[in-house]
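Novice: Sharing a model that was predicted from the sequence below.
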Amino acid sequence: MPGVTPDPMPWASVVERPPTLVILPDRPLRPIPNPSLRPWAGTRLGDPGAGIGELWLAGPGSRVDAHDPGSTLDMIAAVGGARFVGERAMTRLGARFPLIVKLIDAAEWLSLQVHPDDALAAELYGGDALGKVEAWLVLDADPGAELITGPRRDLPVADLRAAIAAGMLGRDECEAVRARPGDTMLLDAGTIHAIGAGAFIYEIEQPSDITFRISDWGRPAAPGRTLHRAESLRAVRPEQHAVQVGAAWRLDGGMLAVPEFCLELLEPGDERAERRPAGASLEVLTVIAGTAEVVGPGWADHLELYETLVVPASVERYTVGGAVGSRVAVGRIG
């Protein structure tokens, strides 16, 4: 859409290098976390006043300097292809890093927003653009913290669309649920949503940050924080709501699996802690409680809380272990 730019990714500015100079990994990589300053930031991700609302743990623009100075996960994917991202990711997206994983710490409400699907993203921003399906895992929450999961179910569609067009859609017109640690929510493209004050979230999503802001709750307009009324009207699916797919640190059916990504939650002794990527998909591991020991043929990594490891699809097998009470979130494709 002329004159409209989606919100930029924190990693938008990367050093361009000829892909042939990127070294392919033969063992897991540690992406360097990238903090993102936000006006609604809490203090779980930085000192008071630091303003770190999001910590991007892994994504296309993540640097991996310890492996190959200056390279990013997308650069490695472009060279490694299926050996790095896996056959499932290649089939879906080609030689691109296929996920974003991040932490979100809210002291105030995030903007009320909606994401496009792949078709609308490609129409507005070009054939390589992707929409965004995402999932939230609540890591912690202050008493009374809430999540907006869609419009109020008795709100007529015409009234919803009129409120979006006028920039007047507010919490009274939306459905909210309590943010409870251990709950997991799936948000398909087109779902109106917002993360409330006091919530601390692990988020996994498609490798896109196209966000259409419906309301910013009266915060002063700033560069990069405009409203996207026309785009929101095209993207929104009024009948759609976030779906709870897990509780108490358990996912329904043991796994969240959608075409865009899979999410698993592992604990010590879990039979799924014996991992076998074996060419199918890379795996992105994040410690969400305690610590973890990740061991494969000829290598071992110790991960502290919220540290992240990217295991290439070429790794045949590895094991995730840890002390009692540890938990690891594993994202992959297929």
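Specialist: Perfect, thanks for sending it.
Novice: Test my guess that I100 contacts I210.
Specialist: No. Counting by Cβ atoms under 8 Å, I210 is not a contact partner of I100; they are 11.7 Å apart. The way it works is simple: take the backbone N, C-alpha and C, and place the C-beta from them, glycine included.
Novice: Who has more neighbours out of the two?
Specialist: For I100 versus I210, the count of surrounding residues by other Cβ atoms under 10 Å is larger for I100: 26 against 23.
Novice: Read off the pLDDT value for that one.
Specialist: Taken from the predicted model, the pLDDT recorded for I100 is 98.
Novice: Do a quick rundown of the helices in the chain.
Specialist: Ranges of helices in the chain, per DSSP state H, are 73-80, 82-85, 87-93, 118-125, 157-166, 229-235.
Novice: Check which residues of stretch 309-322 are buried.
Specialist: Of the residues in stretch 309-322, those buried under the neighbour-count criterion (16 or more other Cβ atoms under 10 Å) are 309-315, 318, 320-322.
Novice: what's the model's confidence in that stretch, averaged?
Specialist: Per-region confidence: stretch 309-322 scores 96 on mean pLDDT.
Novice: related to what we said a few turns ago, will you turn the helices of the chain into JSON lines that also has mean pLDDT, distance to E293 and mean neighbour count?
Specialist: Supplementary listing: those in JSON lines, determined by pLDDT from 0 to 100; distance: least, Cβ to Cβ, whole Å; neighbours: other Cβ atoms under 10 Å:
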{"stretch": "helix 73-80", "mean pLDDT": "95", "distance to E293": "23", "mean neighbour count": "23"}
{"stretch": "helix 82-85", "mean pLDDT": "97", "distance to E293": "23", "mean neighbour count": "23"}
{"stretch": "helix 87-93", "mean pLDDT": "97", "distance to E293": "26", "mean neighbour count": "19"}
{"stretch": "helix 118-125", "mean pLDDT": "97", "distance to E293": "37", "mean neighbour count": "17"}
{"stretch": "helix 157-166", "mean pLDDT": "97", "distance to E293": "48", "mean neighbour count": "15"}
{"stretch": "helix 229-235", "mean pLDDT": "98", "distance to E293": "42", "mean neighbour count": "19"}
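Novice: now the strands for the stretch 151-300 of the chain?
Specialist: 174-178, 184-187, 194-195, 199-205, 212-215, 243-247, 250-251, 256-258, 261-266, 274-275, 283-289, 292-296, 299-303 (DSSP state E, counting those that start in this stretch).
Novice: now these in JSON lines, with mean neighbour count and mean pLDDT?
Specialist: Rendered in JSON lines, the data for the strands of the stretch 151-300 of the chain read as follows (neighbours: other Cβ atoms under 10 Å; pLDDT from 0 to 100):
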{"stretch": "strand 174-178", "mean neighbour count": "17", "mean pLDDT": "98"}
{"stretch": "strand 184-187", "mean neighbour count": "22", "mean pLDDT": "98"}
{"stretch": "strand 194-195", "mean neighbour count": "24", "mean pLDDT": "98"}
{"stretch": "strand 199-205", "mean neighbour count": "23", "mean pLDDT": "98"}
{"stretch": "strand 212-215", "mean neighbour count": "24", "mean pLDDT": "96"}
{"stretch": "strand 243-247", "mean neighbour count": "17", "mean pLDDT": "98"}
{"stretch": "strand 250-251", "mean neighbour count": "15", "mean pLDDT": "98"}
{"stretch": "strand 256-258", "mean neighbour count": "16", "mean pLDDT": "98"}
{"stretch": "strand 261-266", "mean neighbour count": "23", "mean pLDDT": "98"}
{"stretch": "strand 274-275", "mean neighbour count": "16", "mean pLDDT": "96"}
{"stretch": "strand 283-289", "mean neighbour count": "24", "mean pLDDT": "98"}
{"stretch": "strand 292-296", "mean neighbour count": "19", "mean pLDDT": "97"}
{"stretch": "strand 299-303", "mean neighbour count": "15", "mean pLDDT": "97"}
